[in-house]
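Asks: sequence below, structure please.
(chains A and B)
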There are 2 protein chains.
Amino acid sequence: MITKPDKSKEITTSINLLNERLHFEGSVNGNDPISIDYIPPLGENLGYTSLELLLLSLSSCLGSSALIFLRRMNKTITGFEIISSGIRKEEHPTGFKTITLQLVVKSHDVTSEDLDKVIKLSEETYCPVWSMIKGNVDIKVEYTID
Amino acid sequence: MITKPDKSKEITTSINLLNERLHFEGSVNGNDPISIDYIPPLGENLGYTSLELLLLSLSSCLGSSALIFLRRMNKTITGFEIISSGIRKEEHPTGFKTITLQLVVKSHDVTSEDLDKVIKLSEETYCPVWSMIKGNVDIKVEYTID
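Replies: Here you go, the predicted structure:
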């Protein structure tokens, strides 16, 4: 009998090197593999970089948390997008100095007060990825409501 | 004229909501989109979770840094894999309490001293993703050499 992992408790992923540079295939059971690589000259731009995956992780975490709360407030969301930009440090380790997350929300009843509230809840309590980089990276959230 | 972004300085990604739950499409110019979702009942398991993307980010970062240094030491790597497991906290924010990265290295000339050295270099200086979660998550690295 194969027991399915309980992702609310434990998460497992794997990466496997594909070439003689830095091209990896990343995967999790049941999902399409992700092509991961680094920029030249060390890599060959054949996939997502580690820092891009970090931004996707953070933005999907914030997006999910915000959406859950907006819907609990009975708001109608007809479109939701997050554009994330990270500025890297100039010295090693060249992680992000600052990350800016730009939310583009389409809704007829969401107000800026609603967004301020759900962003605060996400930052303080409900976005696990945010909590893991907190204190190490300066994170700014902006939004527009269409 | 379109100027290509310089990823050594700034990284940009976007996610776009695809359904009325938490299914996103994540993307970066030029790469295949990544399907991102959360587990039921909030999501529908249609893609990678934010925490899976975080593990892929960290493991590819460590893997790249380790490979770069091993090759500078003129070591021959014939296979390289990292399995990552993260144990989540029980209370919100349910980020990782601990992450274990298991390196599986195929090589006839890499020693455990080599790996200890490159892992230490990565942790202390060369893995940007590690530097961004440092202090917030307990990270353990194990390895086997085949």
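Asks: break chain A down into its structural domains.
Replies: A:10-48, A:50-145 (automatic domain parsing).
Asks: turn the ones you listed into a markdown table, columns for mean pLDDT.
Replies: A markdown table is the format used below for the domains of chain A (pLDDT from 0 to 100):
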| stretch | mean pLDDT |
| --- | --- |
| domain A:10-48 | 96 |
| domain A:50-145 | 98 |
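Asks: is it possible to get TSV of those that adds distance to chain B?
Replies: C-beta coordinates here come from the backbone N, C-alpha and C atoms, glycine included. TSV is the format used below for these (distance: least, CB to the nearest CB, whole Å):
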stretch	distance to chain B
domain A:10-48	4
domain A:50-145	4
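Asks: mean neighbour count added to these, as CSV?
Replies: What follows is these, written out as CSV (neighbours: other CB atoms under 10 Å in any protein chain shown):
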stretch, mean neighbour count
domain A:10-48, 19
domain A:50-145, 19
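Asks: out of those, the one nearest B:P93 is which?
Replies: domain A:50-145 (3.8 Å; CB to CB).
Asks: got the end-to-end distance for the closest one?
Replies: With CA to CA, to the nearest Å applied, domain A:50-145 spans 30 Å between its terminal residues.
Asks: out of the domains of chain A, which is closest to B:T78?
Replies: With CB to CB as the criterion, B:T78 lies closest to domain A:10-48 of the domains of chain A, at 9.5 Å.
Asks: ok now the closest one, how far from the chain's centre?
Replies: The gap between where domain A:10-48 is centred and where its chain is centred comes out at 17 Å by CA atoms, centre = their mean, to the nearest Å.
Asks: likewise stretch A:73-92?
Replies: Taking mean C-alpha positions (CA atoms, centre = their mean), stretch A:73-92 and its chain are 8 Å apart.
Asks: now do stretch A:133-146
Replies: Relative to its parent chain, stretch A:133-146 has a centroid offset of 11 Å by CA atoms, centre = their mean.
Asks: contacts for that stretch?
Replies: Stretch A:133-146 is touched from outside by A:58, A:62, A:79, A:95-107, A:110-112, A:115, A:119, A:123, A:130, B:131-136, with contacts defined as CB atoms under 8 Å, 6 or more residues apart in numbering or on different chains.
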